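> Sequence and predicted model, in that order:
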Amino acid sequence: MAKVSQSLQGMTDIEFPEVNIWQTLESRAREVMLQYDFKEIRTPIVEMTSVYLHSLGDTSEIVQKQMYAFETRGGKQVCLRPEGTAGVMRYVSNNMQELQDARLYYMGPMFRAERPQAGRKRQFHQLGVECIGGASARQDAEVIALQDSLFKAWELDGVVFQLNTRGSSEDFPKILDGLRSELMPSTDDLCEDCRRRMDNNVLRVLDCKNPGCKTVVEGLSPITTWMAPESVAYFEEVLATLDTFGVSYVVNPLLVRGLDYYQHSIWEVTSDRLGAQDALSGGGRYQMKANGKTIEGVGFGIGMERALMALAKEVEDKFSAEALPLVMLVGQNEEAQAANLPLIVQLRELGYRVRMDLNGKSMKAQMKAAGRQQARWVLIRGESELEAQTIQIRDMESGEQREVPFADIAKTLNTHW
RNA sequence: GUGGGUGUAGCUCAGUUGGUUAGAGCGUCGGUUUGUGGUACCGAAUGUCGCGGGUUCGAAUCCCGUCACUCACCCCA
């Protein structure tokens, strides 16, 4: 029996100081989105299950095994969103007139009932971008450049953009057939999983980790072999535009994405700080049906937990630090503490981060607390200061302390800042 | 879904072949002539030994189940 007080498997509390890193990432992301003129969209966390069946395809493992699905009291089949794209597509399809070329982003929790491990939670958080509109190589490149800007704003180093193309939807059957016919003679050298993939997911054979499969894959023709020349040209234009934008990348001909709706440009961003789940982001151009309409777009999703793990230690420390220094009010006796009550209001109105003891602790205890809470300044008042209308301002880093007129508090603090 | 490791005070952990009132360090709280933190000294509090069941005269220790954490497979962000 689980204790009532335990949190659910794979679902964790995000607490201080880590929560400050989240806030920094989020606010910096919003700045970048503004620069690229993308608008936020907040879709519900619960959707009709059909929303995901249509967009992800009902054979994907996410839909088959990982969704938190349940029936409402009214008998509707609903689920907690396992990813963000489908909900945005549902939104866009209902507002097609106004949203011909929507540029949207979202941030929030997603739910997948997988076995947790490093970089894999059951409730995890994604930042996603969807750029809706007709296919163009420049649009693909702009979205990748946006992501590159985002990672720079997050001061993420050591990440690698890996790009590939899956060709157009017309190319797709040809690619699958081509791959199958080349793999057929080596079927016996493939692992059990890959033999199964031959039928339902040939592309997946390309990124199998099994050494035997890797050897077979090395001998295959690149998948561009089976694509129309226009598709190859499309991808080349994406790469050329990225060069213009100054985005660095590597082309990985073996990169495939798990979801069926992708076509043309696909990419993943990996980091060596992540362990086995080394992809912190994945994206691509897609075409999918929602409410009977076909929507084209390009987008990506970033696993926030993974992005956090990929941060260098120094950056983590920087992002988790409190933005404002702490001012602590200390009163020697009850009279001084009562007098500090209106003072704390004034200082907060001036924008300072201020605290004081509210439990009548001894002065020593108050000082100790100030030290523990890493107060930058302590303002001390006792009998003599009350009488003289002054206050002691102590710099907790240097230990230096001086008495200033009560009216000069803000001025004195500001000269330090 | 499959497999491995782990679960003892707020934190990091110790706990001998099962044997009395379960320990340490750090942290917390209080004190070292009642107006001053971060160093020192003194003192104090705190655990259903993850949870449930079993074996035993006796279980933190052995067995089973369960929950959670963790790592890998798988899948994906």
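Structure received. Residues are numbered from 1 along each chain as shown, chains lettered A, B, ... in the order given.
> When you work out contacts or count neighbours from here on, use the C-alpha atoms and nothing else.
Will do.
> what's the closest non-adjacent residue to A:Val46?
Closest residue to A:Val46 apart from its sequence neighbours, by Cα to Cα, 6 or more residues apart in numbering: A:Leu80 at 4.7 Å.
> And the pLDDT at that neighbour?
Per-residue confidence (pLDDT) for A:Leu80: 95.
> And A:Ala2, by the same measure?
36.
> ok, now the one 5 residues further on?
According to the prediction, A:Ser7 has pLDDT 77.
> Kindly report the same for A:Asn210.
For A:Asn210, pLDDT reads 82.
> likewise the one 10 residues further on?
The model reports A:Leu220 with a pLDDT of 89.
> Could you pull up the residues touching it?
Counting by Cα atoms under 8 Å, 6 or more residues apart in numbering, A:Leu220 makes contact with A:Leu179, A:Glu182, A:Leu183.
> my read is the first one is in a strand, agree?
No - using DSSP: H, G, I helix; E, B strand; the rest coil, the assignment for A:Leu179 is helix, not a strand.
> coming back round to it: from the contacts of A:Leu220, which would you call buried?
A:Leu179, A:Leu183 (16 or more other Cα atoms under 10 Å).
> Adding distance to RNA strand B and pLDDT, write the contacts of A:Leu220 out as CSV.
As requested, the contacts of A:Leu220 are exported to CSV (distance: Cα to the nearest atom of the strand, whole Å; pLDDT from 0 to 100):
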residue, distance to RNA strand B, pLDDT
A:Leu179, 17, 90
A:Glu182, 20, 91
A:Leu183, 17, 89
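> Looking at the contacts of A:Leu220, which one is closest to A:Ala240?
For those, the closest approach to A:Ala240 (Cα to Cα) belongs to A:Leu179, at 27.6 Å.
> and the residue nearest to that closest one when sequence neighbours are not counted, how far is that from A:Gly258?
Nearest residue to A:Leu179 in three dimensions, chain neighbours excluded: A:Val202, at 7.1 Å (Cα to Cα, 6+ apart). Look at A:Val202 and A:Gly258: by Cα to Cα, to the nearest Å, they are 11 Å apart.
> Likewise for A:Thr215?
Applying Cα to Cα to A:Thr215 and A:Gly258 gives a distance of 22 Å.
> With neighbour numbers in mind, choose between these two.
A:Gly258 (15 against 12; other Cα atoms under 10 Å).
> who touches the more buried one in this structure?
By Cα under 8 Å, 6+ apart, the neighbours of A:Gly258 are A:Arg204.
> Report the central residue of chain A.
A:Met304 (2.9 Å; Cα atoms, centre = their mean).
> and the residue nearest to A:Leu179, how many residues sit next to it?
18.
> ditto for A:Gly219
Around A:Gly219 there are 10 residues (other Cα under 10 Å).
> lowest average confidence, helix or strand, in chain A?
helix A:61 (a mean of 77; mean pLDDT, DSSP states H and E).
> State whether A:Gly360 is indeed within a strand.
No - secondary structure of A:Gly360 (three-state DSSP): coil, not part of a strand.
> from memory it sits against A:Glu334, does it?
Yes - counting by Cα atoms under 8 Å, A:Gly360 does reach A:Glu334; the two are 7.2 Å apart.
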